[in-house]
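Asker: Kindly generate the corresponding structure for this input.
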Amino acid sequence: MSDQKSAQPSRRAVLRTAGVMIGAAATASLGMTSAKAAGYPERPIKIIVPFAPAGPTDIMARILVAHLGEALGGTAIVENKPGAGGNIGIGGVAHAEPDGYTLLITSSAYVVNPGLYAKIPYDPFTDFAPIAELGTSPNVILVDPKLGVNSVAELITRAKANPNELNYASPGIGTTPHLSGELFKIVGGIQITHVPFSGAGPAIQAILSGTTQVAFAALPPAHPHIESGALKALAVTGVHRWFDLQDVPTMVELGYKDFISDTFQGFLAPAKTPSAIVEMLSAKSIEILKRPAIAEQLRNNGFEVLANGPDGMRKRIDDEVPKWRDIVAKAGIKPV
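Answerer: Got it, this is the predicted structure:
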């Protein structure tokens, strides 16, 4: 009996052996994941922007992607897939092969759409692996200078005197500029007609061409037209005045408490993309955004650089999906 007992391995030895086996398996798994990323990228990486060209998300994507391919030792291209408030492009990436070759750079529409549409082609919490939180920018209230309106107060007075005379452009239903416009109607007690477009670029072109007299837009696509005098900015919806538009007040400064909204840009991959690829994309993107010349270029285009990794992007998603669902409900916008 004693010989049989001594021949059996002790519980400690069994656990130690199991631990070695588990550790070896984990190392092998990590090795396989790293191996999947070792030759990456072997072909061009496609970055989907789910909006029309010339909008803030497109501007951010093109500035980043211009340097990302080189940083990865490969090629990266931007492809615009607008439609359905961003749902077409976002949904396409959600169901793409999770191999790191089809990625998404999107805006706040990603977190707004779950509350705006009765059915969307993606789950914001499970269908994507966050790569990075890239940047954000305030929205801005714009008027055609020929309108002869020089302040928010004058715009409200004009709209009250002439209900539904004025039209305002936005990048599309449910975008943060659109929701800013609807909030403006509520707090101002005015009636102006919303004219949605397929992105910020077309919305800006609408006010430039005189199709609408007013526009609510993210700052980046509007910034050069404000500087040139082609458009007049009445207010920004950020926490503070923009650094080179110091004569443009915030809505909070004008007495509209909590009138703060911004448009963010986030970088995501389909869920189940190898973690080594996600980590590589995150590290390279953040390094690019933190280059002084790139940060300055983005700032001059109306962006505040965030350069946060996957955790920062994931927290924004977790916080803002319920936040915007609540705002959409309070604005009385019924899911479509």
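
Asker: residue boundaries of the helices in the stretch 201-336 of the chain?
Answerer: Using DSSP state H, counting those that start in this stretch, the helices found in the stretch 201-336 of the chain span residues 219-228, 275-289, 292-300, 310-330.

Asker: Go through those and name the closest to K81.
Answerer: helix 219-228 (18.1 Å; C-beta to C-beta). Where C-beta positions appear, they are placed from N, C-alpha and C, glycine not excepted.

Asker: tell me which strands and helices that closest one is in contact with?
Answerer: Where contact means 3 or more C-beta pairs under 8 Å, 6 or more residues apart in numbering; DSSP states H and E, helix 219-228 is packed against helix 56-72, strand 128-143, helix 200-209, strand 232-236.

Asker: quick one on the thing from earlier: including mean pLDDT, mean neighbour count and distance to A200, could the helices of the stretch 201-336 of the chain go into TSV?
Answerer: Listed next are the helices of the stretch 201-336 of the chain as TSV, based on pLDDT from 0 to 100; neighbours: other C-beta atoms under 10 Å; distance: least, C-beta to C-beta, whole Å:
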stretch	mean pLDDT	mean neighbour count	distance to A200
helix 219-228	95	21	4
helix 275-289	98	20	21
helix 292-300	95	14	16
helix 310-330	93	16	18
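
Asker: need these in JSON lines with distance to Q191, can you?
Answerer: Formatted as JSON lines, the entries for the helices of the stretch 201-336 of the chain read as follows, by distance: least, C-beta to C-beta, whole Å:
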{"stretch": "helix 219-228", "distance to Q191": "24"}
{"stretch": "helix 275-289", "distance to Q191": "42"}
{"stretch": "helix 292-300", "distance to Q191": "37"}
{"stretch": "helix 310-330", "distance to Q191": "18"}
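
Asker: and A38, which of those helices is closest to it?
Answerer: Comparison of those against A38 by C-beta to C-beta identifies helix 275-289 as nearest, at 8.3 Å.

Asker: Run the chain-centre distance for that closest one.
Answerer: Here helix 275-289 is found 17 Å from its chain centre; the criterion is C-alpha atoms, centre = their mean, to the nearest Å.

Asker: now stretch 208-218
Answerer: Counting by C-alpha atoms, centre = their mean, stretch 208-218 comes out at 22 Å from the chain centroid.

Asker: Dump stretch 258-273 to PDB, restricted to CA.
Answerer: Extracted in PDB, the C-alpha atoms of stretch 258-273 (Å, rounded to 0.1, in the frame of the first residue of the first chain):
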ATOM      1  CA  ASP A 258     -25.600  72.400 -21.000                       C
ATOM      2  CA  PHE A 259     -25.800  73.200 -24.700                       C
ATOM      3  CA  ILE A 260     -22.700  71.100 -25.400                       C
ATOM      4  CA  SER A 261     -22.300  68.600 -28.200                       C
ATOM      5  CA  ASP A 262     -19.400  67.400 -30.200                       C
ATOM      6  CA  THR A 263     -18.600  65.000 -33.000                       C
ATOM      7  CA  PHE A 264     -16.000  62.400 -32.300                       C
ATOM      8  CA  GLN A 265     -14.000  60.100 -34.600                       C
ATOM      9  CA  GLY A 266     -13.200  56.500 -33.700                       C
ATOM     10  CA  PHE A 267     -11.200  53.700 -35.300                       C
ATOM     11  CA  LEU A 268     -12.600  50.200 -35.100                       C
ATOM     12  CA  ALA A 269     -12.100  46.700 -36.500                       C
ATOM     13  CA  PRO A 270     -14.500  43.800 -36.900                       C
ATOM     14  CA  ALA A 271     -14.900  41.700 -33.700                       C
ATOM     15  CA  LYS A 272     -12.600  38.700 -33.600                       C
ATOM     16  CA  THR A 273      -9.800  40.600 -35.400                       C
END
